[in-house]
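Asker: Give me the fold of what follows.
(one chain, ligands or ions: 1)
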Amino acid sequence: MTSVGDVIAALTDRFAQAGIASALADAELLVGHVAGWTRGEVATKAFMGTELDEDVVARIDELAARRETREPLQHITGEAPFRHLVLSVGEGVLVPRPETELVAELAIEALRQVPVPNPRAVDLGTGTAALALALATEVPTAEVFAVELSPVAAAWAERNIARYGDGRVHLVVGDAADVLTELNGTVDVVVTNPPYIPDDEKPQDEEVTGYDPALALFGGPDGLRDIRHFIARAAVLLRPGGTLVVEHGDGQGADVRAIATDAGFGMTMTHTDLLHRERALTAVR
Ligand SMILES: C[S@@+](CC[C@H](N)C(=O)[O-])C[C@H]1O[C@@H](n2cnc3c(N)ncnc32)[C@H](O)[C@@H]1O
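Answerer: Predicted coordinates for the structure are as follows:
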C-alpha cells in the first residue's frame, strides 16, 4: 500500500523534472482520474493519509510515464473541461483552452440579448464543439450550427454533440467559406476561434507542437489568413445587427479590428483577459 500523499509527491517531482509547469495539478488530476475522485477529493484523501491499492498505483505509474513524454493530460484521460462541460478529446483535435471560455462568455451574452424565441448561432472551426456546446447549453433555446473542415476533428465534435447537444446543435463538415449558404443573412451570432499563430512561430509547449493539429494552430505567414476568411464569411452569414465574436492572439487586436471594419462591421471592440492580454474581438454587423 502507498499513500495518496506519497504518490502525489513522487508524481509532482517526476512531472517537474519533465518540464511540466502544472506538475502538482497534473499529479492530482491523474490520481483522481485513475481512482475515480475529483481533484478536491484527491486533496482530502492526501490529507487523511488514505492508502491506494497496488493495482491503482501501477495504473497511475503507467499513465504518468506517458505524461512524462509530454503527451497532454487531456489525451491521457480522454477528457477536457470547458465551462460546465466535460468534453471528449484525443488525437486530431485541439484541446479546448481555458482562455476560450472568455470567448464563449462574450458569445453567450450576445445570444442572450437576441429578442427572438430561438436565436441562431454559428461556430466556425468547431474542433471538439466546445464553443457550439457552451452556447447551446447556456442558451437553452438557441439553435447552433458547428462547422469543421477536418473530418477527424469533426468525429470528436459529433461525439460531444451527441452527449450535450440536445438536438439543437447541427454539425457541418466542410470549409467555412463554402457551407451553410442557406443561412446567409439570418444568423444572430457568429463565434469563432480560428487558427491564428503565424506559420513560422513555434509554440513553446511540447503538448501543443506534438499533439494539437497544425490545421487548428497556424494561420498563414501573418497568422491572420483564417481570421480574414472567417470574418468575411461571418459578414455574409449574420443578419444586420448580428454579433461577431472572434478569438485571436495577443498583439493582433488592431489588425483584427481593421479586418472587421473593412468587412463592414461596426462597434469593433477588443477584449483582454485578466493578464491584460488581447484575446477577442466583438463587432456588430
Ligand atoms: C483553434 S481551433 C478551435 C477549435 C475549437 N473551436 C476550440 O475553440 O477549441 C480551429 C479549428 O478550425 C478548424 N478549421 C481550420 N480551417 C477551417 C476552415 N477553413 N473551415 C472550417 N474549419 C476550419 C480546425 O480544424 C480547428 O478545429
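Asker: Now do the strands in the stretch 101-250 of the chain.
Answerer: Here the stretch 101-250 of the chain has its strands, by DSSP state E, counting those that start in this stretch, at 120-124, 143-148, 169-173, 187-192, 238-247.
Asker: What I need now is these written out in CSV, including mean pLDDT, distance to the ligand and mean neighbour count for each item.
Answerer: Bear in mind the C-beta positions are built from the backbone N, C-alpha and C, glycine included. Below are the strands of the stretch 101-250 of the chain laid out as CSV (pLDDT from 0 to 100; distance: least, Cβ to the nearest ligand atom, whole Å; neighbours: other Cβ atoms under 10 Å):
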stretch, mean pLDDT, distance to the ligand, mean neighbour count
strand 120-124, 98, 6, 28
strand 143-148, 98, 5, 26
strand 169-173, 98, 9, 19
strand 187-192, 98, 7, 28
strand 238-247, 98, 7, 22
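Asker: In CSV, list the ones you listed along with distance to residue 285.
Answerer: Putting the strands of the stretch 101-250 of the chain into CSV (distance: least, Cβ to Cβ, whole Å) gives the following:
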stretch, distance to residue 285
strand 120-124, 12
strand 143-148, 17
strand 169-173, 21
strand 187-192, 9
strand 238-247, 4
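Asker: Quick one: closest of the ones you listed to residue 114.
Answerer: Residue 114 lies closest, by Cβ to Cβ, to one member of the strands of the stretch 101-250 of the chain: strand 187-192, at 4.5 Å.
Asker: Partner strands of the closest one and their direction?
Answerer: strand 120-124 (parallel), strand 238-247 (parallel) (DSSP bridges).
Asker: wait, which of those is closest to residue 171?
Answerer: strand 120-124 (9.8 Å).
Asker: Just want the angle from the closest one to strand 169-173.
Answerer: Computed by axes from the mean of the first three to the mean of the last three Cα atoms, to 10 degrees, the angle separating strand 120-124 from strand 169-173 equals 40 degrees.
Asker: Now the residue nearest the centre of the chain. Nearest residue, chain neighbours left out?
Answerer: When Cα atoms, centre = their mean is applied to the chain, the residue found nearest the centroid is residue 96 (2.2 Å). Computed as Cβ to Cβ, 6 or more residues apart in numbering, the closest residue to residue 96 that is not its neighbour in sequence is residue 130, at 3.9 Å.
Asker: Hmm, that neighbour is touching residue 86, no?
Answerer: No - using Cβ atoms under 8 Å, residue 130 is not in contact with residue 86, being 10.9 Å away.
Asker: Show me the protein divided up by domain.
Answerer: Listed domain ranges for the chain are 2-69, 79-284 (source: automatic domain parsing).
Asker: most packed of the ones you listed?
Answerer: domain 79-284 (a mean of 19; mean count of other Cβ atoms under 10 Å).
Asker: Do me a favour and get the end-to-end distance for that domain?
Answerer: Using Cα to Cα, to the nearest Å, the end-to-end distance of domain 79-284 comes to 34 Å.
Asker: From the chain's centroid, how far away is it?
Answerer: Mean-position distance between domain 79-284 and its chain equals 9 Å (Cα atoms, centre = their mean, to the nearest Å).
Asker: Please tell me how far the residue nearest to residue 96 sits from residue 74.
Answerer: Noted for residue 130: a distance of 12 Å to residue 74, by Cβ to Cβ, to the nearest Å.
Asker: how far away is residue 273 from the ligand?
Answerer: Taking Cβ to the nearest ligand atom, to the nearest Å as the measure, residue 273 falls 15 Å from the ligand.
Asker: check contacts around that residue.
Answerer: Going by Cβ atoms under 8 Å, 6 or more residues apart in numbering, residue 273 touches 99, 102, 279.
Asker: Pick out whichever of those residues sits closest to the ligand.
Answerer: residue 99 (9.3 Å; Cβ to the nearest ligand atom).
Asker: OK, contacts around the closest one?
Answerer: 247, 273, 279.
Asker: Where does the prediction get shaky in this protein?
Answerer: Residues of the chain that meet the criterion pLDDT under 70 lie in 1.
Asker: Could you list the residues of it in contact with the ligand?
Answerer: 94, 96, 100, 125-128, 130-131, 147-150, 153, 175-176, 193-195, 215-216, 226 (Cβ under 6 Å from any ligand atom).
Asker: Could you measure from the residue nearest to residue 96 over to residue 191?
Answerer: For residue 130, the distance to residue 191 equals 10 Å [Cβ to Cβ].
Asker: do the same with residue 226
Answerer: Per Cβ to Cβ, residue 226 is found 14 Å from residue 191.
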